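Visitor: sequence? don't have it. structure:
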């Protein structure tokens, strides 16, 4: 690791001496075909899949609103989970419009703010697509509306039938899915229209799509995958004091692991170039690292693949809900965190070093 | 390992500076710094201060309030956890905006500790909180070997566990290393941490690099007079820097001057000079922590020799906390520290310790430090 750090210092000074400001990369790897594979076989199909899942979810919301019974409730809850899993494959692509409109914050900010949700319900606030409501919309808000509104399934269903706020509850549920569909189709459309420019932006500059998407991938891995799903709930960001109420899918509870495994698969697919539905495998970072002499000699891509497996193994040591696991023995999750942490070093230090790509973010922990 | 790394870093920098420099004759690299430190830690940009460390002042204020609360028998475990980990106090703490002590325990980015070791230290603090709450709950008992309770030896009532340990001392003196020293020397002033941090873009009237350095300053002087520190104004590192003035008559000035010059070097873009100041700060602060660890062990030994074992408990409790802090210096590893702590806690803990055991442990520290 240290060697790589020194090497990057070396490269830094080497390049600082270089008066030629050209950002042309000279390693000869076909970056464009990698970008093409990502956008055509991973990103756009993942968005299509996600949008379809939202349409199904919307239909289930309508059915449940029209007839709030146990069968429709189960269907709705299942489709919420399907869609939530599908979301795990798109969240990491947070560039361009998605970043501008705070897409991932609007779809998956947790823990959700139940007070704000109740205020919104009470006041029949229906325009939810704004920054102020990020903590009261998206999957976490729907999780609360479906699994947290009362003590058990029957009582929750009653909240949509006989409670004073039954109508408002129904409306709020519908408003959440409407907002998710609206912004998701915008972001989807943005990807479709920027496909060509995305593929052609292969330079090694801070604004090239290649650098942005790779940086964003690692940023996602650190902040949302490692910290959001595992690190924060298990107390890794609070001096060891556990924060079980910050798990993803807090109210459904028994799906946090499924969502994390799904996100792990998405991260792995991006690295290996496998399409979401696994029907094709194309050019990706794995090939790039195998192509470059240094990383190929060091077997970096194999190390990364192995580390993905280690993360999965450690996740499978969790045999209860994340919430219960954290409360009873957080160290099982801490182990997962440490495996993820090793991966961050591989991706951020070793891989970016090999690719000679600069990080475009720094830790903003200064206070 | 770390020293080797600096050496390599400096070599590689020097090499490239010379290799880039077309104008070798004018370049007097090694000791030709012409940065002058200002008279005090005042730095301005456009007529306004560019120094800010309210977050550190907040945590030092919180630590003082915590210190008081942990001596109050009505304080519960939940209340201590609220204070440390959630920043929730019974009264408003000045300078705070959502800061917490808890997320700054053993998290130095450039620590000698591994991540697992850092976690173990964090967990130790959680355990000490639980221990302190239990001690407070048992404060109605009279303490003796194997019995938690209150001891009235010396000044005021001290509440100890069955091994004679005041956990509040472990927590407070532990924070001196795990928070103050770690944040200052293993993060904010650390050459590796600062390397590559932005020093051009001005936000809130300072650059990132300036601000990080100031945050390091804040963990030592956050409750003190910025332009003329009085020392002994907080419950943590500042207090003990003030207390070691007879052993290390120049350390307080050296450290303040190094902070000033390092900050001026950042403004001037002279990073070699900045890093030299970081080394001065680290060496001196390490001395303070290690000296107090050894000193309290000897004080405990003296009490035992004088036949007042109960009087030794307080000294040893402070020593226990300072020993926790030792692993954040460059002189003691996590496992060395654990070995010392285990030795202190063996059997009935402090009640079982002999003067010669304690003096031997102090001598180990002195030898390593060259005291």
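Guide: On my side now, so go ahead. Predicted, not measured: the structure shown is a model, and the values here were computed from it. Numbering: from 1, shown residues only, chains lettered A, B, ... in the order given.

Visitor: how many other residues sit next to the closest residue in space to residue B:278 that isn't next to it in sequence?
Guide: Excluding its sequence neighbours, the residue lying closest to residue B:278 (Cβ to Cβ, 6 or more residues apart in numbering or on different chains) is residue B:189, at 4.3 Å. C-beta here means a position set from N, CA and C on the backbone, and glycine is covered the same way. For residue B:189, the neighbour count with other Cβ atoms under 10 Å in any protein chain shown is 30.

Visitor: Longest helix in chain B, please.
Guide: helix B:271-305 (DSSP state H).

Visitor: Point out the other helices and strands that that one packs with.
Guide: For helix B:271-305, the packing partners by 3 or more Cβ pairs under 8 Å, 6 or more residues apart in numbering or on different chains; DSSP states H and E come out as helix B:2-20, helix B:191-194, helix B:208-221, helix B:237-243, helix B:251-268, helix B:309-326, helix B:355-369.

Visitor: buried set for it?
Guide: B:271-304 (16 or more other Cβ atoms under 10 Å in any protein chain shown).

Visitor: ok and it relative to helix B:309-326, angle-wise?
Guide: 160 degrees (axes from the mean of the first three to the mean of the last three Cα atoms, to 10 degrees).

Visitor: quick one: average pLDDT of helix B:271-305?
Guide: In this model, helix B:271-305 has a mean pLDDT of 98.

Visitor: again, but for stretch B:308-328
Guide: 97.

Visitor: One more: stretch B:348-362?
Guide: 98.

Visitor: contact partners of it?
Guide: With Cβ atoms under 8 Å, 6 or more residues apart in numbering or on different chains as the test, stretch B:348-362 has contacts from B:144-146, B:160-165, B:294-295, B:297-298, B:300-302, B:304-305, B:309, B:312-313, B:316-317, B:340, B:343-344, B:346.

Visitor: returning to what we had before: tell me the contacts of the residue nearest to residue B:278?
Guide: When contacts are counted by Cβ under 8 Å, 6+ apart, residue B:189 is found next to B:212, B:213, B:216, B:262, B:277, B:278, B:281, B:282.

Visitor: what stretches of the chain score poorly on pLDDT?
Guide: Chain wasn't specified; assuming chain A. A:1-26, A:276-279, A:362-367 (pLDDT under 70).

Visitor: wrong one, I was asking about chain B
Guide: B:1-32, B:155.

Visitor: Against residue B:255, how distant is residue B:229?
Guide: 9 Å (Cβ to Cβ, to the nearest Å).

Visitor: do residue A:81 as well
Guide: Distance from residue A:81 to residue B:255, by Cβ to Cβ: 57 Å.

Visitor: repeat for residue B:147
Guide: Taken as Cβ to Cβ, the span from residue B:147 to residue B:255 is 43 Å.

Visitor: For those two, indicate the residue with more neighbours.
Guide: Shown here are residue B:147 and residue B:255; by other Cβ under 10 Å, residue B:255 has more neighbours (26 against 15).

Visitor: The more buried one: what's it in contact with?
Guide: B:220, B:241, B:280, B:281, B:284, B:285.

Visitor: Repeat that for residue B:218.
Guide: So residue B:218 contacts B:53, B:54, B:55, B:56, B:57 (Cβ under 8 Å, 6+ apart).

Visitor: swap in residue B:278?
Guide: B:185, B:189, B:190, B:191, B:194, B:258, B:262.
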